[in-house]
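Asks: sequence below, structure please.
(chains A, B and C)
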Amino acid sequence: MEFTAQQIAQLIQGEVEGNPDAIVRDVSKIEEGKPETLTFLANPKYTHHIYNTEASVVIVNKTFMAEKPVKATLIKVDDAYRALAKLLQMYQESLPKKSGIEQPSFIDGSAQLGDFVYVGAFSYIGENAKIADKVQIYPQVYVGDGVQIGENTIIYPGARIYKGCRIGANCVIHSGAVIGSDGFGFAPGADGKFEKIPQVGIVVLEDYVEIGSNTTIDRATMGETIISEGTKLDNLIQVAHNVEIGKNSVLAAQTGIAGSTKIGNNVMFGGQVGISGHLKIADGVKLAAQTGVSKSITKANATQMGSPSMDAMQYNKAYVVFRNLPDLRQRVDAIEKGEKK
Amino acid sequence: MEFTAQQIAQLIQGEVEGNPDAIVRDVSKIEEGKPETLTFLANPKYTHHIYNTEASVVIVNKTFMAEKPVKATLIKVDDAYRALAKLLQMYQESLPKKSGIEQPSFIDGSAQLGDFVYVGAFSYIGENAKIADKVQIYPQVYVGDGVQIGENTIIYPGARIYKGCRIGANCVIHSGAVIGSDGFGFAPGADGKFEKIPQVGIVVLEDYVEIGSNTTIDRATMGETIISEGTKLDNLIQVAHNVEIGKNSVLAAQTGIAGSTKIGNNVMFGGQVGISGHLKIADGVKLAAQTGVSKSITKANATQMGSPSMDAMQYNKAYVVFRNLPDLRQRVDAIEKGEKK
Amino acid sequence: MEFTAQQIAQLIQGEVEGNPDAIVRDVSKIEEGKPETLTFLANPKYTHHIYNTEASVVIVNKTFMAEKPVKATLIKVDDAYRALAKLLQMYQESLPKKSGIEQPSFIDGSAQLGDFVYVGAFSYIGENAKIADKVQIYPQVYVGDGVQIGENTIIYPGARIYKGCRIGANCVIHSGAVIGSDGFGFAPGADGKFEKIPQVGIVVLEDYVEIGSNTTIDRATMGETIISEGTKLDNLIQVAHNVEIGKNSVLAAQTGIAGSTKIGNNVMFGGQVGISGHLKIADGVKLAAQTGVSKSITKANATQMGSPSMDAMQYNKAYVVFRNLPDLRQRVDAIEKGEKK
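Replies: Down below sits the predicted model:
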């Protein structure tokens, strides 16, 4: 493939600054800057690379003002990151898609498959499963009895969906993700032994949900565990039974949400966050990495940090003092000695 | 299916309060309260829902005393949560079970299979493996050479058991769990390179153990990594080589136990707990979520918190002061200034 | 198998102290001390066991000086742990290896397989994949289109390698590990929805890399996510897109590295460590378990702890005061009251 800066600018409605005939044959990171490649600048941390990059074309925000000469051709757009997203999506859609039913695979006679479905080898589709049009099921996937999967959804190798769960349209589920395993429910007895509570609910993923590799989402004890439309979960996340997560939320890797907690829309959680069970987290809440939430957060758009968590500003201020606690103690020692004089 | 409150009460030895002919066709969560369903009340946090629920029947503890009129029929039992467990177990046992050997599957000629075993498609049973009666092996499971699995154990799709490991009776192993991968053992050399220590031990799960999705349990360097009878592990837990966990313990998701640590009976760990290697944790110890344990806990039934961990009460008291550390520092500033006057 | 202490000493260039004809039939842990077994002593915590062990032969460091009589025969070497490694490696290499292509498996016609390759049943090898000599691919593995795997590498059941990734020689990849799933890249829009950034880069594992069970390594947005030669990753680790980890580093379980962070050589991270994105971590850095790093660490061989992290010594000193914060506050209270008098 070969494009000019001008051709790319047209695809993403950008404005060319520099040589419109600059050639692009591949993409690269701005800090690597390979010749004849396209790159982008969105994170200000990387701005200094633009003055040295060997990349021929750089997509930048309209607000970018060069402070030194830039050799590369710039394409200026409203939002460089989204423009890149659009461009890479167009590229990816131009690639050939897997299709057809590879053998050997196991598709129960009662399962319904739509048109243009791909089922990879060693995948298993259980009784009465319903797979909509253009779904792509890679090899070694498990789709349990009665599972429903909406249009265009992609399921990567080795993902598992337990019986009865419902997956929306345009979802992406990565390798090793487990949707619908039993919630962790045991009733303790007087003898110290635990009695299993069978988990008879399901998991529902709405449309445009993405689930990372080896993330686990447990089925509800009764009713549904729900991931709402447009929400994206990174890798190795744990979502316990009866949790509900709102729309357009992003949760970074290794976060864990305990049972029955309800999370609002548009939240953003850093990695390794933990949230206790039976809480409510308001819309737009942001949690720093490794935050541990043990109480409901009722204020929309709050930012919290710490374990147990508190307002992030408060935490940071307290932590500044924490770093120098031995000093504070010495000052108190000194004051006490002074008094004794 | 359709039951009356009276019929259900008989199954769980409960006492009906209200209309004994109230009809139940399904189960629901108390906060959803769907008509003609059975629900339960065990967590006091949810008590207020009982006055509005549309559920026709609610299982409650004998100690529950309504403060307002309740429309639903109550069934009073000693332990509502355990009664629910029993009821759902009876329901689940009434469902048809998977059985027989699906094709294609791979069962080595030297493997021994008991009666009424289910082996799902694409499952692999290695040389000299021994599978007892009524074991259910779902599709895409890996059972390595010489593995032994006891009666009634259920292994969900895509779980992996490396060679030589022993799984007890009545265990449940969820999707993506890995039993018996190599312990993380490397000998550092003067050149900075690491030499792999082959891990020649195994993993032993005793009876009634449950292992959550994508949990990993490493084989011992020598000897055995052991999960004792009745212990339940949630999802995404790491158990390192030569760890031993006692009986009837529950570990919440994303907890990690480093090598050679020995854990007692009846412990309860919250999510994302971490325990260093070569420690001993006494019986009945409770650890709050995200606790980091770096020293042995010798006192039975201790409750710890923090990282590194300490007595939970002490941690909470210290943390109260931590939240307001800038205030404490200002007070010390003020005292010093006062002295200078 | 049966060896004498003398024979073993020759294999590892050690010196026998005690009966050179002591018999060894198996290995055991020093604290178990079974008769006619070989064991070792490397961790000083276990020294007291050497005086009671029933093991017939113990490998010890040359520096070990018995303070009481030892019944077992000792073999003294420069480095007991490395000597054990060598011995167990010799043992493991003496075991028969899996070989050949088990059926059913799926090997695309365009894939190239070297000599003495093992492909287990239900494994999938995609288009144009290149598998070098003596590679062992256990059952149920997924090798995507265009993947390259170097000589002698072992891939355990159910590991997944997405298209285009390159795996070096002499690597070990454990069950459920996912190499090359999409990086977590989404461009937020004004409407609150997230646009997926297709991830068009790859993952590169250099030679002698080991990847633990259920660890996930995301492909780069553009370019490569890199794990360098000799580095070992434990179980359930998350490595985000465009991360680079240097040589001969060891990362303990459940650690997470956010996007684009560059990590040096010879680092050692404890379990459950978290590192934010776009940082640089110098060579030889050590991080205590559960450390949360939010700023680059530029000083080689630094040891950090805490969340956010700081110098480990500083953290420990501050934490000592933290434990007794209520006491410090009371002292300030007392001083204030005294002043008011």
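
Asks: so is stretch A:121-133 next to chain B?
Replies: Yes. With C-beta under 8 Å from any C-beta of the partner chain as the criterion, chain B is reached by stretch A:121-133 at A:Phe122, A:Tyr124. From N, CA and C alone the C-beta is placed, and that goes for glycine too.

Asks: how far does that stretch stretch from one end to the other?
Replies: Using C-alpha to C-alpha, to the nearest Å, the end-to-end distance of stretch A:121-133 comes to 19 Å.

Asks: list the buried ones in that stretch?
Replies: Neighbour counts over stretch A:121-133 (16 or more other C-beta atoms under 10 Å in any protein chain shown) mark A:Ala121, A:Phe122, A:Ser123, A:Tyr124, A:Ile125, A:Gly126, A:Ala129, A:Lys130, A:Ile131, A:Ala132 as buried.

Asks: stretch A:31-50 too?
Replies: A:Gly33, A:Lys34, A:Thr37, A:Leu38, A:Thr39, A:Phe40, A:Leu41, A:Ala42, A:Tyr46, A:His49, A:Ile50.

Asks: go on, stretch A:328-339?
Replies: Quick answer for stretch A:328-339 (16+ other C-beta under 10 Å): A:Leu328, A:Arg329, A:Arg331, A:Val332, A:Ile335.

Asks: can you pull the residues of the stretch 151-300 of chain A lying near chain C?
Replies: Going by C-beta under 8 Å from any C-beta, the residues of the stretch 151-300 of chain A near chain C are A:156-158, A:172, A:174-176, A:208, A:210, A:212-214, A:230, A:232, A:234-236, A:247-248, A:250, A:252-254, A:265-266, A:270-272, A:289-290.

Asks: quick one: average pLDDT of stretch A:3-21?
Replies: Mean pLDDT, stretch A:3-21: 95.

Asks: what's in contact with it?
Replies: Counting by C-beta atoms under 8 Å, 6 or more residues apart in numbering or on different chains, stretch A:3-21 makes contact with A:22-24, A:38, A:56-57, A:59, A:62, A:70, A:72-77, A:83, A:86-87, A:90, all of which sit outside it.

Asks: what's the offset of it from the middle of its chain?
Replies: 31 Å (C-alpha atoms, centre = their mean, to the nearest Å).

Asks: same question, stretch A:81-100
Replies: With C-alpha atoms, centre = their mean, you get 18 Å for stretch A:81-100.

Asks: any regions of chain A where pLDDT drops low?
Replies: A:339-341 (pLDDT under 70).

Asks: care to break it down by domain?
Replies: Domains of chain A are assigned by the TED database as A:3-94, A:100-304, A:312-340.

Asks: considering only the buried residues of stretch A:121-133, which also neighbour chain C?
Replies: A:Ala121, A:Phe122.

Asks: run through the residues of the stretch 1-150 of chain A sitting next to chain B.
Replies: Within reach of chain B by C-beta under 8 Å from any C-beta, the stretch 1-150 of chain A has these residues: A:Pro104, A:Phe106, A:Phe122, A:Tyr124, A:Gln140, A:Tyr142, A:Gly144.

Asks: just give me the closest of those residues to B:Ala66.
Replies: Distances from B:Ala66 to these, taken as C-beta to C-beta, are shortest for A:Gly144 (40.5 Å).

Asks: shouldn't the closest one be in contact with A:Ile167?
Replies: No. Counting by C-beta atoms under 8 Å, A:Gly144 does not reach A:Ile167; the two are 11.2 Å apart.

Asks: hang on, the earlier thing: in strands, which of the contacts of stretch A:3-21 fall?
Replies: A:Ile23, A:Val24, A:Leu38, A:Val57, A:Ile59, A:Thr73, A:Leu74, A:Ile75, A:Lys76, A:Val77 (DSSP state E).

Asks: how much space separates the third one from chain C?
Replies: Meaning A:Leu38. Distance of A:Leu38 to chain C, given as C-beta to the nearest C-beta, to the nearest Å: 9 Å.

Asks: that residue pairs with what?
Replies: Beta bridges link A:Leu38 to A:Val27, A:Val57 when assigned by DSSP bridges.

Asks: wait, it touches A:Ile23, no?
Replies: No. Using C-beta under 8 Å, A:Leu38 is not in contact with A:Ile23, being 9.9 Å away.

Asks: need the overlap of contacts for the two.
Replies: Shared contacts of A:Leu38 and A:Ile23, counting by C-beta under 8 Å, 6+ apart, come down to A:Phe3, A:Ser56.

Asks: buried ones among the residues of the stretch 1-150 of chain A next to chain B?
Replies: A:Pro104, A:Phe106, A:Phe122, A:Tyr124, A:Gln140, A:Tyr142, A:Gly144.

Asks: can you tell me which of these are in strands?
Replies: A:Phe106, A:Tyr124, A:Tyr142.

Asks: can you give me the helices in the stretch 1-150 of chain A?
Replies: Using DSSP state H, counting those that start in this stretch, the helices of the stretch 1-150 of chain A run over residues A:5-11, A:80-94.

Asks: the closest residue in space to A:Ser56 that isn't next to it in sequence: neighbouring residues, count only.
Replies: In this structure, A:Ser56 finds its nearest non-sequential neighbour in A:Ala22, 4.4 Å apart by C-beta to C-beta, 6 or more residues apart in numbering or on different chains. Per other C-beta atoms under 10 Å in any protein chain shown, the neighbour tally for A:Ala22 reads 23.

Asks: repeat that for A:Glu93.
Replies: Neighbours of A:Glu93 (other C-beta under 10 Å): 9.

Asks: can I get the buried part of the contacts of stretch A:3-21 as one ChimeraX selection?
Replies: A single ChimeraX command is used to select the members of the contacts of stretch A:3-21 judged buried by 16+ other C-beta under 10 Å:
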select /A:22,23,24,38,56,57,59,70,72,73,74,75,76,77,83,86,87
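
Asks: give me phi/psi at the residue nearest to A:Ser56?
Replies: Backbone torsions of A:Ala22, given as degrees, to the nearest 10, read phi -60, psi 140.

Asks: need the contact list for it.
Replies: Here A:Ala22 is in contact with A:Thr4, A:Ala5, A:Ser56, A:Val57, A:Ala72, A:Thr73 (criterion: C-beta under 8 Å, 6+ apart).

Asks: nearest spatial neighbour of the fifth one, skipping sequence neighbours?
Replies: So that's A:Ala72. In space, A:Ala72 is closest to A:Val58, 4.8 Å off (C-beta to C-beta, 6+ apart).

Asks: the one you found reaches A:Lys76, doesn't it?
Replies: No. The criterion here is C-beta under 8 Å, and A:Val58 misses it with A:Lys76 at 9.8 Å.

Asks: could you find the closest non-adjacent residue to A:Pro308?
Replies: A:Ser294 (4.3 Å).

Asks: I'd say that neighbour and A:Gly306 touch.
Replies: No. A:Ser294 is not in contact with A:Gly306 according to C-beta under 8 Å; the separation is 10.3 Å.

Asks: how much space between the residue nearest to A:Pro308 and A:Ser309?
Replies: From A:Ser294 across to A:Ser309, the span is 7 Å (C-beta to C-beta, to the nearest Å).

Asks: who has more neighbours, those two?
Replies: A:Ser309 (23 against 17).

Asks: which ones are touching the more buried one?
Replies: Applying C-beta under 8 Å, 6+ apart, the residues contacting A:Ser309 are A:Leu287, A:Thr291, A:Gly292, A:Val293, A:Ser294, A:Lys295, A:Ile297, A:Tyr315.

Asks: stretch A:77-89 and chain C, any residue contact?
Replies: Yes. Counting by C-beta under 8 Å from any C-beta, chain C is contacted by stretch A:77-89 at A:Asp79, A:Tyr81, A:Arg82, A:Leu84, A:Ala85, A:Lys86, A:Leu88, A:Gln89.
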